[in-house]
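Asker: Show me how the following folds:
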Amino acid sequence: MGNRLSKIYTRTGDSGTTGLGDGTRVPKDSLRIHAMGDVDELNSVIGIMLTEPISDQITDCLTAVQHDLFNLGGEICMPNMELIKAERITSLETTLDAFNDSLAPLKEFILPGGSRAAAYCHLARTVCRRAERVMHRLHSEEKLTATSLQYINRLSDLLFVLCRVLNKEAGEPDVLWNNESK
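Answerer: Numbering: from 1, shown residues only. Reported below is the predicted structural model:
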């Protein structure tokens, strides 16, 4: 990267616009910028999760996801760019299946909670779902790649399963939803 980020402030955004990777300027409240922000927020929440005492297997998985999310942000930042490859979706599905196979079948809805790492993972899952919604809204106006839309969907599924795995590893039960009115 060299000296690419040697000057942090540029003053070019003072007017309420920001630059995309292809040089075009868009309003800071555009859907594309919202999508980039949600993906960046998701990456940050995953960074918080990685500060928790979790297994090496989950750490390796989430570290790879962070790199993918940086690529996804790059894809959103540079219209018509494809950085997320189909192999990453296959990898997520394989990882998701392996983690899910270690869990008892889910018979009830679960609430966010349990261990702190699982609670952060639930937060990541909800941010991921928001990013997915914004990406689909953006896609209806400006095309995104089908692969990036599939990736963000599979990632939210993986995060849900990881919430349960994190609780299991911590010896905490999932918090089951009590559907009885009190």
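
Asker: Give me the helix or strand of this structure that scores worst on average pLDDT.
Answerer: strand 17-19 (a mean of 74; mean pLDDT, DSSP states H and E).

Asker: Strand partners (parallel or antiparallel) of that one?
Answerer: strand 25-27 (antiparallel) (DSSP bridges).

Asker: now the helix or strand just after the strand it pairs with: mean pLDDT?
Answerer: Note on strand 25-27: by DSSP states H and E, the next helix or strand toward the C-terminus is helix 31-49. Helix 31-49 shows a mean pLDDT of 96.

Asker: So what's the gap between helix 31-49 and the chain middle?
Answerer: Averaging C-alpha positions (C-alpha atoms, centre = their mean, to the nearest Å) puts helix 31-49 7 Å from its chain's average.

Asker: name the helices or strands packed onto the helix or strand where Ala117 lies?
Answerer: For Ala117, the element it lies in under DSSP H and E is helix 116-141. Secondary-structure packing of helix 116-141 (3 or more C-beta pairs under 8 Å, 6 or more residues apart in numbering; DSSP states H and E): helix 31-49, helix 146-170. In this view, the C-beta of every residue, glycine as well, is placed from N, C-alpha and C.

Asker: can those helices go into CSV with extra columns for mean neighbour count and distance to Thr126?
Answerer: Listed next are the helices and strands packed on helix 116-141 as CSV, based on neighbours: other C-beta atoms under 10 Å; distance: least, C-beta to C-beta, whole Å:
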stretch, mean neighbour count, distance to Thr126
helix 31-49, 20, 9
helix 146-170, 21, 9
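
Asker: Let me have those helices in CSV, extended by distance to Ile110.
Answerer: Output for the helices and strands packed on helix 116-141, formatted as CSV (distance: least, C-beta to C-beta, whole Å):
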stretch, distance to Ile110
helix 31-49, 17
helix 146-170, 7
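
Asker: Out of those, the one nearest Asp22 is which?
Answerer: Proximity to Asp22 (C-beta to C-beta) singles out helix 31-49 among the helices and strands packed on helix 116-141, at 11.1 Å.

Asker: following that closest one, which helix or strand comes up?
Answerer: Where DSSP H and E defines the elements, the next helix or strand beyond helix 31-49 is helix 56-77.

Asker: What residues sit buried inside that following helix?
Answerer: 58, 61-62, 65-66, 68-69, 71-73, 75-77 (16 or more other C-beta atoms under 10 Å).
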